[in-house]
Structure formats: C-alpha cells, structure tokens
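J.: with the input below, show me the fold.
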Amino acid sequence: MRIEDYGLIGNLRTAALIGRDGSIDWLCLPRFDSDACFAALLGDERHGRWLLAPAGGLRRVTRRYRPGTLILETEFECDAGTVRLVDCMPPGDGTASLVRIVEGVRGSVPMHTQLVIRLEYGSTIPWVTNDYGGLSAVAGPNALRLWTPVEMRGEDWTSVASFSLREGERASFVLDWHASHLAAPDPIDAIHSIARTQRVWEDWSAQSSYEGEWAEPVLTSLRALKGLTYEPTGGIVAAPTASLPEALGGVRNWDYRFCWVRDAVLTLGAFLRCGYLDEAEAFRRWMIRATAGRPGDLRIMYGIAGERWLPEEELDWLPGYEGSAPVRIGNGAADQFQLDVYGELADAGYLARMTALSQGIPLDEVEPAVFWRRALGLLKVMESIWSEPDEGIWEVRGPRRHFTHSKVMAWVAFDRAVRSVELFGREGAVDRWRRARDEIHAEVCREGYDASRGTFTQYYGSRELDASLLLIPAVGFLPPEDERVRGTVDAVRRELTEDGLVYRYATAAEEGTVDGLPGKEGAFLPCSFWLVDALAATGRVGEARALFERLLSLRNDLGLLSEEYDVHRQRLVGNFPQAFTHLALVGSALKLDAAAAPQAPEALPAAG
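T.: As a prediction, this is how the structure comes out:
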C-alpha cells in the first residue's frame, strides 16, 4: 500500500503501522528500535504482517481516530454487512501489548485473519504452537503470545483463521511480547484495556492550551508526537520506521528510530507553547542525560535511552519498500560532525530560561548550576571549532564544507549565551562571546551571501541554495525586513520549489555533488513549513496561509504526514509519521495565529 494508507498506534514505548486493509505491516516490540520487528513494509508477503479483515465483498473502507486518542477505528462495508476493527496499544503498564477487536455492526460478515510472525526484520521464523487460549511463538530471545477465542490453525508457516461476525458480536485478539526466558504475562482484558487507553489519551489531549485557528491539525500533530515518545526516558524518535524511501526505488533509505538533538528546540517549543510542560521537561532531561560527557564528544543523534553506538547495517535479504534498496538499520550519520547542533542546544537552554521567566518559575528549578557549567563547556568547544567545515544539517555524505546554516547556528550559540548573561545574570566570558558572535555574523554576511543574486547560499563560495537558509530570520540572525532575507526567501521559492513545495537543496546524480548520493528525493515537508514561516514573517501572510492549507491537504485521512512528498506521483515518501514534519506544522500554525493577532504577542520569545 501507499505510505499514506497507514495509521499509527503506540503505547509510548513502541508503535505499529496499520493499513487501510486491516494489516499490521510494521511492528517493533518491545521498543521502537527493537529487532523483534515485523517488517512487511521492507519486504514482501513472506515477511511479518498481521491481516485482520473481511474475507471478501468489500465495498468501502472508512477510518478515524477516536476523538482525542490514538485508538484507530476502521470500518469495512461489505456485501454481507459492516464490521468495525478497533486497534490500540495500551500505554502505562510497562508491557508491550497490541489489542485488536473486531465488532459486527450490520449483517453477518465472514472474516479472515493471517498472522505471519517473522522477527529480526524478516530473517527469523519462530516456532509456533497452539495452546490454551491462543498461540505461542518463540525464537531466540523473543517470545510472542496471542490470546484469542478464535481458533487459529497453522498453514505454510503462518497462522490463519476464518470466522463470521453478526451484528453485536465481537472477536478479540491480544498480542503480547516477552523475553523468551520469562513466563508469558497474564492476558489483559481487551475491552477494558481499550476503555483505559481511551481515558489516558482523552485526559492527555484535554491538557492542551492551544486555542488558535488550526486546532484539529495542531492537536493531531501533538498526539502523533506523543505517540513517538519513549516514556521511560522522555526521548522522542524522529519516526517509528526505518528505510522508507525518500524516492521510490532509490537508495536514500535511512533508519529514523532515533532521537536527533536538532529536533530539541522545535520539540520543546511545540510542547511548551501548547501547554505540555511535563513532556517538554521530560525531553529536556533526556537531552541533558544523552549529551552528558566531554563537551567535544557531542553527537547529532542518540538512541532512545541516550545510546551513542548506532552502527549502520544493510539488510541484503530484504527487497525494500517498492524495491527501494538497500534497506538500512542503524544510522551512520551519528558519527558526523554537525556544527549546528551546538547552536540548537544553546537555543534549547535559552528557551527553557525564557519559559521560567514567563511563568514565574525560579531559574534554578529549570536549570541548576551544574547545567550552566555544562553549557560553558560547550561554548568553550565552540570557540575553537566554529570556523571548521562540517557535514551540515542534511547529513550529507559528501565532503565537509563551510555550510552557511551551520555558521548561523554557531552564531546562535554565542548569541544565546550573551543573552543569558544579560537577561538572567549567568556568568561567563561574555566579552569573548560577543566578539565571536560579531565575527561569525560578519563572516556569514561576507562569505555566505551572493550579492549578485541577492541571496544567501548553501555554503561559502557556492551558488547553490539550501532551504535551511529560510531559518535565518526565525533564529534572529537578521530581521525579516532585511532585503537579504527577502531576497533569500524569493530565491528559494524560485529555485527550490515545485508545485509550491520546497526541496532541501538541488540534488543531482553526478559524482561529487554536495550530498554524495545518486538520484533525487521528494519535496521536504518541514522545509515547506519553514517557507510558510518565512512568508508570514516577511509580511506575506496571505501567501503563507495558502501554502499552509496546501500542506494540510497532503495529510492522510488520519491527519498524518511523512518526511517528504513526491510531487509527480502525488504520494507521501520517507519515514512515517515524521516528528520533524509535525513539529514544523505546529510551529507554522502558531506563527500564523500570531500574525493574525499582532496585538497579542506570544507568551514566549520568537527566537528559536
């Protein structure tokens, strides 16, 4: 199926993707990055999936999330009647359970289920046995237990069943994971667990303080972000999937089941501005733990518990989604040097201080002295490395360069340090920081700006553009009314957009291009939201609103977005759902709300 044909459910430890046809084609247990993984999206029908659907005569499929929740309801209208499939993963009990209940709505509908358990990305077939109450499956360290009153039978290394449901009847299925050397957990009550899950999500959604124009897309995005949260640590994965392609049939296939430091500021801003202080604080503390250590060892991404060893591996037995190969797990970009991460960490700390100020919270509760000492260590490193080339925001696998966005974010690091001294009385080498800030600013305006074209460029001395340049006014490097900002926004619209959507940069197939990879990719949806922000900031609010509405129209029927969009095939591409995209959506909605009511300033500063 198309990527947009899937919906997300999760239990704040892991997640599953469920297709419009009632199939679960991606499921990692017991956590997002676990190898105990169904991987049908990356393989074919021989790899793991779980189908639960009418046996035939299908006329129409409709689906929705129960209001305020991640409980997915799919209604199948058939020749023989109608059934409703309810899917959820109950949060909060420390187990990894997936609950499916199919309900008869009208008539008498024949049903079929097929459970294909293939662990470790389709490479391992477990030993499955029938016993009281369902099935047991064991392979190495992993064990699964399916509890159901429906009688299952083995068929060609799969488990299948056929049954019928009349109006008012229900059939329940509960799939649990446990370590194979331990006893299976006691079965949970499916009906009760769905009711409890609904209460948990409704209570969480009710905490939102968002009152702007875009309530439905903002709250849907916030729930998606919450669904990508690993509750034990507070980390938020970039996406629950690995190796969904940026271009169908291409090689740009990456594992996004990790936590990027770059997402920190947007995540903090989205949660803080919408009333979710606990989530923001949990993620901030994840960052503090994950990035602890020698300041010069800062990495661009970490595992969901702060792991630093994320080796990349190609799974050559999998053909990939629609033939997009190689399939990769792990992410080699974790070892890259990306200068902008230091600026993003500094901005995150500054935002936390501003939040304390705006809400009357003592600063030491938000940032104890030990955290400021760590910030001083990062700034000392920055003083010695900001002038070096790096791999840049897009994790290019070509040569290191002096990327303009990287230098801008180095400026942010020193700017936020200076502001923290001036506004909050923090101590530090403020005179040196001011000098570094001024030197970087002058260098970027001199080396990263093409006066003949009236635009900033991707890296020093180049004529290429980069969508990250749209962030120059957002971080406060230059004011929106500056002609260089307006010229850059116009150049990006002119040279990096197609059908109104923004590409990250001009990709090409030739050897030696900036990203070192062949082929093109889809339009990058977070960058398209950045264009919304830049248009609104430069006074073109009507154009910004029109583009925002265009982007909202790309969401699937459940309100979810992936990383990119294939303009020619009119399909979502890339890992799904994508946290960065939904963070950017929330940010754009907030900026458009502020633009519509300039007399009511935001409670938090626009910087960052």
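
J.: report the contact partners of R13.
T.: Going by Cβ atoms under 8 Å, 6 or more residues apart in numbering, R13 touches P30, R31, F32, P91, A96, Y230, E231, P232. C-beta: built from backbone N, CA, C; applies to glycine.

J.: in the least confident helix or strand in the chain by mean pLDDT, what's buried?
T.: Lowest by mean pLDDT, DSSP states H and E among the helices and strands of the chain is helix 363-366, with a mean of 74. Judged by neighbour count using 16 or more other Cβ atoms under 10 Å, the buried positions of helix 363-366 are L363, V366.

J.: do the same with stretch 323-338
T.: S324, A325, V327, R328, I329, G330, N331, A333, A334, Q336, F337, Q338.

J.: what's the second one sitting at in phi/psi?
T.: Here is the backbone geometry of A325 (degrees, to the nearest 10): phi -130, psi 160.

J.: look up how far V251 lies from it.
T.: With distances taken as Cβ to Cβ, to the nearest Å, A325 is found 7 Å from V251.

J.: is it true that W26 lies in a strand?
T.: Yes - secondary structure of W26 (DSSP: H, G, I helix; E, B strand; the rest coil): part of a strand.

J.: nearest spatial neighbour of it, skipping sequence neighbours?
T.: In space, W26 comes closest to L17 once its chain neighbours are excluded; the distance is 4.2 Å by Cβ to Cβ, 6 or more residues apart in numbering.

J.: correct me if wrong: the one you found contacts A242.
T.: No - counting by Cβ atoms under 8 Å, L17 sits too far from A242 to count as a contact (11.7 Å).

J.: please tell me I have it right and F163 contacts E169.
T.: No - taking contacts as Cβ under 8 Å, F163 lies outside contact range of E169: 9.6 Å.

J.: the two: which has the busier surroundings?
T.: Between F163 and E169, F163 has the larger neighbour count (other Cβ atoms under 10 Å), namely 17 against 14.

J.: next one: the more buried one relative to R49, how far apart?
T.: Counting by Cβ to Cβ - F163 and R49 are separated by 19 Å.

J.: over to S34?
T.: Computed as Cβ to Cβ, the S34 to R49 distance reads 17 Å.

J.: among the buried residues of stretch 323-338, which one lies nearest to R550?
T.: Checking the buried residues of stretch 323-338 against R550 with Cβ to Cβ, the nearest one is S324 at 26.1 Å.

J.: now the longest strand belonging to the chain: mean pLDDT?
T.: Using DSSP state E, we find that the single longest strand of the chain is strand 96-116. On average, the pLDDT along strand 96-116 is 96.

J.: next one, pLDDT for G269 please.
T.: G269 carries a pLDDT score of 81 in this model.

J.: helix, strand or coil: sort out it for me.
T.: Assigned state for G269: helix (three-state reduction, three-state DSSP).

J.: does it touch G587 like I think?
T.: Yes - counting by Cβ under 8 Å, G269 does reach G587; the two are 6.6 Å apart.

J.: could you name the helices and strands sitting against the longest strand of the chain?
T.: Judged by 3 or more Cβ pairs under 8 Å, 6 or more residues apart in numbering; DSSP states H and E, strand 96-116 is in contact with strand 23-29, strand 49-54, strand 72-78, strand 81-88, strand 158-166, strand 170-179, helix 190-205.

J.: off-centre distance for the helix or strand immediately after the shortest one in the chain?
T.: Right, the one you point to is strand 49-54. Using DSSP states H and E, the helix or strand that follows strand 49-54 in sequence is strand 58-65. Distance of strand 58-65 from the chain centroid (Cα atoms, centre = their mean, to the nearest Å) equals 26 Å.

J.: how is the chain divided into domains?
T.: The record's domain parsing of the chain by automatic domain parsing lists 3-203, 207-596.

J.: what ranges do the helices span in the protein?
T.: 119-122, 190-205, 215-227, 264-273, 277-290, 340-359, 363-366, 369-385, 404-424, 430-447, 483-495, 525-537, 541-552, 579-596 (DSSP state H).

J.: the second one versus strand 96-116: what angle between them?
T.: By that I understand helix 190-205. Interaxial angle, helix 190-205 versus strand 96-116 (axes from the mean of the first three to the mean of the last three Cα atoms, to 10 degrees): 130 degrees.

J.: packing partners of helix 190-205?
T.: Packing partners of helix 190-205 (3+ Cβ pairs under 8 Å, 6+ apart): strand 81-88, strand 96-116, strand 170-179, helix 215-227.

J.: A143: which of those is closest?
T.: Closest approach to A143 among those is made by strand 170-179 (5.3 Å; Cβ to Cβ).

J.: list the strands paired with the closest one, with their directions.
T.: Strand pairing for strand 170-179, using DSSP bridges, gives strand 96-116 (antiparallel), strand 142-147 (antiparallel).

J.: run through this structure and note the low-pLDDT ranges.
T.: Applying pLDDT under 70 to the chain flags residues 93, 507-516, 598-608.

J.: looking at S34 and R49, which one has more neighbours?
T.: Taking other Cβ under 10 Å, S34 and R49 do not tie; R49 has more neighbours (25 against 18).

J.: wait, that one sits on G122?
T.: No - at 9.9 Å, R49 does not count as touching G122 under the criterion of Cβ under 8 Å.

J.: surely L517 and V251 touch.
T.: Yes - L517 is in contact with V251 according to Cβ under 8 Å; the separation is 6.5 Å.

J.: more neighbours: which of those two?
T.: L517 (18 against 15).
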